[in-house]
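> Here's my sequence, what's the structure:
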Amino acid sequence: MLEGRIIDRESLIDLLTVKDVKSAEDVGDFVSALKVLRDWQQEEVSSGAWNETARWILMKTIEQPSAVRRQSTCLRTIWRRLYLVDE
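Numbering: from 1, shown residues only. Okay, here's the model as predicted:
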């Protein structure tokens, strides 16, 4: 929650990864961002109607490529920002 509003996963990932990293504790926010992304991906998989996860992921990708693309973009963003902090 931020200012009494619930923020979406992508905004939470941004919130956790867009900042100056001044200590080792701040790096933990990148881990938290990866956990948010992991939970998002697992939620997508567990809500599938098929028992075969691979088949469901394939169908989900065909039906809603934007969700898969958004998750992939979030993952690239997290790693890019972590790389930039490391320099």
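> From here on, just use CA atoms for contacts and neighbour counts.
Noted.
> So which residues of this protein form helices?
Ranges of helices in the chain, per DSSP state H, are 9-17, 24-46, 53-63, 65-86.
> Low-confidence stretches in this structure?
Scanning the chain with the threshold set as pLDDT under 70 gives 1-2, 24, 44-65, 86-87.
> 90 instead, please
Counting by pLDDT under 90, the chain shows low-confidence ranges at 1-12, 15-31, 37-75, 81-87.
> rewinding a little: show me which of the helices of the chain has the highest average neighbour count.
The highest mean neighbour count among those, using mean count of other C-alpha atoms under 10 Å, belongs to helix 9-17: a mean of 18.
> orientation of that one relative to helix 24-46 in degrees?
160 degrees (axes from the mean of the first three to the mean of the last three C-alpha atoms, to 10 degrees).
> hmm, back to that, output the helices of the chain in TSV, with distance to residue 3 appended to each entry.
Putting those into TSV (distance: least, C-alpha to C-alpha, whole Å) gives the following:
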stretch	distance to residue 3
helix 9-17	13
helix 24-46	20
helix 53-63	33
helix 65-86	23
